[in-house]
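A.B. asks: Quick check, what structure comes out for this input:
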Amino acid sequence: MKILLNIFRYFTGALFIFSGGVKLIDPVGTQIKMEEYFEVFAQAFHPFFEHFVGLALPIAVVMCVAEVAMGVALLLYYRMRINMWLFLLLMIFFTFLTGYTALALYAKENGETGFAQWFASFVGVASPAEINAVSDCGCFGDFIKLRPWESFLKDLILMVPTLFLFWKRRELESELRDSVNIGAMVLTLGISSFVAWHAIAHLPAFDFRPYKVGADIKANMQPSETLRYLYYLEKNGEKKEFTEYPTDTTWKFVSMEVANPDAKPKILDYSVWNDEGDFTQQTFEGNQLMIIVRKASWCKDGEFRKAAELCRNLEKLGNLKVNCLIVTSSTSQEIDQLRHDAQLSVPYYYADGTVLKTIMRSNSGIWLMKNAVVKGKWHINDTPDVAEVLEALKK
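C.D. replies: Take a look at the predicted model:
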């Protein structure tokens, strides 16, 4: 029994620490995922959840810090009675959440099912087919992508050690002194909070996205191999899978999916434009220093003075041309005001706000590309000087 307890203890504790840790590295990414879930909650349960969208970042940070702290407490057997209640409640919530979103995604892709209708009616929520399903649970940030069914299965498996440890919680006491346990918990909370703050005030220490430094954006917009498709058609009540679309017109189309999804392009929605037309291809040519500004209204006074100075100094380089531009999802009036206040006389272009959030985890920052390859990425708080830009272009 003790061996089983220790296996469950180390497995569950380590998984929570890992899960919370990889999300703390990129709390803004967790914020984006929380916003998606709150929008789903607003559709499925009550519009009240829309009020939480604006609080997604602090909620994400608290949730991730708590996840790491609970994992450490489990490894230490610290306050097991309270901790296991938290574990159980959290696992019940996550299992319901991933199960519902998995059902929603299935209903969306395959049409409403009798079970989906029954489940929605039983728990008193919106029909899964009517909501915008979350395609990735975000359990491990961008490090490991899990579809809702995979995440639901993971939660069902994790529920086994959770229930066992909850059953034995009264028998589990830490062998360490309270002062040691309290010190370990304070240290855990301090380090976790610092990691989250540093990622928000600067940028994530590790970047797992397709726009990271060293990534070839043009290559990431292409499939890694020829995509193959599976077609699902129906005739006389029989549903059948085809690898090639049948010529028999009596078959009725139901749905289709990519047979080799890992070969899909990593980037599907990168596009840059202005009032004159599409500018995406031009961003892949030569040296491009893009000042990303998602929402100009969120920018602080004087935030872009150093960026304006950088652009002016880059214009003086002569032979080594570095083209400076702003890419934004703000309105022309907002961005014109920002350029005027910062004396930032560079052209601006538009991009989708979600794409800009994926490229740059801060509201504004510097993104450097050379022939479509990302050479540098800086938070606006860490705007580089000319020497740093030139050094990045050499790599």
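A.B. asks: Going by C-alpha atoms from here, please, whenever you check contacts or count neighbours.
C.D. replies: OK.
A.B. asks: neighbours of Gln281, just the number please.
C.D. replies: By other Cα atoms under 10 Å, 12 other residues sit near Gln281.
A.B. asks: Next one: it from Pro148, what distance?
C.D. replies: For Gln281, the distance to Pro148 equals 35 Å [Cα to Cα, to the nearest Å].
A.B. asks: What are the boundaries of the strands in the stretch 251-395 of the chain?
C.D. replies: Counting by DSSP state E, counting those that start in this stretch, the stretch 251-395 of the chain has strands at residues 252-258, 273-274, 277-278, 287-293, 322-328, 348-350, 364-370, 373-379.
A.B. asks: quick check: domain ranges of the protein?
C.D. replies: As recorded under automatic domain parsing, the domains making up the chain are 2-201, 225-263, 273-394.
A.B. asks: what's the closest of those to Phe208?
C.D. replies: domain 2-201 (5.7 Å; Cα to Cα).
A.B. asks: what's downstream of the one helix or strand Asn181 maps to, the next helix or strand?
C.D. replies: Using DSSP states H and E, Asn181 falls within helix 178-201. Remark: after helix 178-201, the chain's next helix or strand is helix 217-220, criterion DSSP H and E.
A.B. asks: buried ones in that next one?
C.D. replies: Within helix 217-220, the residues scored as buried using 16 or more other Cα atoms under 10 Å are Ile217, Asn220.
A.B. asks: The next helix or strand after it pairs with which strands, and in what direction?
C.D. replies: The element immediately downstream of helix 217-220 (helix or strand, assigned by DSSP H and E) is strand 229-235. Within its sheet, and counting by DSSP bridges, strand 229-235 is paired with strand 238-242 (antiparallel), strand 252-258 (antiparallel).
A.B. asks: Okay, buried residues for the first one please.
C.D. replies: Judged by neighbour count (16+ other Cα under 10 Å), strand 238-242 contains no buried residues.
A.B. asks: got a list of contacts for that strand?
C.D. replies: Residues outside strand 238-242 that contact it (Cα atoms under 8 Å, 6 or more residues apart in numbering): Leu230, Tyr231, Tyr232, Leu233, Glu234.
A.B. asks: Mind giving me the PyMOL select for these, buried ones only?
C.D. replies: Burial among the contacts of strand 238-242 is assessed by 16+ other Cα under 10 Å; the matching PyMOL selection reads:
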select buried, resi 230+231+232+233
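A.B. asks: out of the contacts of strand 238-242, who's nearest Val258?
C.D. replies: Leu230 (6.1 Å).
A.B. asks: Could you list which residues are in contact with that closest one?
C.D. replies: Contacts of Leu230 (Cα under 8 Å, 6+ apart): Glu241, Phe242, Thr243, Glu244, Met256, Glu257, Val258, Ala259.
A.B. asks: show me what contacts Asn381?
C.D. replies: Ala201, His202, Glu303, Gly365.
A.B. asks: quick one: the first one and Val327, what's the gap?
C.D. replies: Think Ala201. 21 Å.
A.B. asks: for the helix or strand hosting Arg9, packing partners?
C.D. replies: According to DSSP H and E, Arg9 maps onto helix 2-24. Here helix 2-24 touches helix 56-76, helix 148-167, helix 178-201, going by 3 or more Cα pairs under 8 Å, 6 or more residues apart in numbering; DSSP states H and E.
A.B. asks: Recalculate using a threshold of 7 Å.
C.D. replies: Counting contacts by 3 or more Cα pairs under 7 Å, 6 or more residues apart in numbering; DSSP states H and E, helix 2-24 is packed against helix 56-76.
A.B. asks: quick one: Asn181 and Val72, what's the gap?
C.D. replies: For Asn181 relative to Val72 (Cα to Cα), the value is 10 Å.
A.B. asks: so where do the helices sit in the stretch 251-395 of the chain?
C.D. replies: With DSSP state H, counting those that start in this stretch, the ranges of helices along the stretch 251-395 of the chain come out as 305-314, 332-342, 353-359, 386-394.
A.B. asks: Mind listing residues that contact the third one?
C.D. replies: Spelled out, that is helix 353-359. Tyr211, Asp269, Tyr270, Arg294, Ser329 (Cα atoms under 7 Å, 6 or more residues apart in numbering).
A.B. asks: Among these, which one has the most neighbours?
C.D. replies: Arg294 (27 neighbours).
A.B. asks: how about Trp367, what does it touch?
C.D. replies: Counting by Cα under 7 Å, 6+ apart, Trp367 has contacts Leu289, Met290, Ile291, Ile292, Gly376, Lys377, Trp378.
A.B. asks: try it again with 10 Å
C.D. replies: Trp367 makes contact with 211-213, 288-292, 326-327, 359-360, 374-379, according to Cα atoms under 10 Å, 6 or more residues apart in numbering.
A.B. asks: Give the residue spans of the protein that score low on pLDDT.
C.D. replies: Applying pLDDT under 70 to the chain picks out residues 105-137.
A.B. asks: one step back: just want to know which of Ala201 and Val327 has more residues nearby.
C.D. replies: Val327 (23 against 14).
A.B. asks: Name the residues linked to the more buried one by a beta bridge.
C.D. replies: Ile292, Tyr349.
A.B. asks: was I right about it contacting Tyr350?
C.D. replies: Yes - at 5.4 Å, Val327 counts as touching Tyr350 under the criterion of Cα atoms under 10 Å.
A.B. asks: which residues do those two both contact?
C.D. replies: If you check Val327 and Tyr350 against Cα under 10 Å, 6+ apart, the residues they both contact are Val272, Trp273, Asn274, Ile292, Val293, Arg294, Leu356.
A.B. asks: For Met84, grab the count of nearby residues.
C.D. replies: With other Cα under 10 Å as criterion, Met84 counts 24.
A.B. asks: Make sure Ile92 is actually in contact with Asp155.
C.D. replies: Yes - under the criterion of Cα under 10 Å, Ile92 makes contact with Asp155 at 8.8 Å.
A.B. asks: Neighbour count for these two, which is higher?
C.D. replies: Taking other Cα under 10 Å, Ile92 and Asp155 do not tie; Asp155 has more neighbours (21 against 14).
A.B. asks: dump the residue contacts of the more buried one.
C.D. replies: Per Cα under 10 Å, 6+ apart, neighbours of Asp155: Met91, Ile92, Phe93, Phe94, Thr95, Phe96, Leu97, Thr98, Gly99, Trp149, Thr162.
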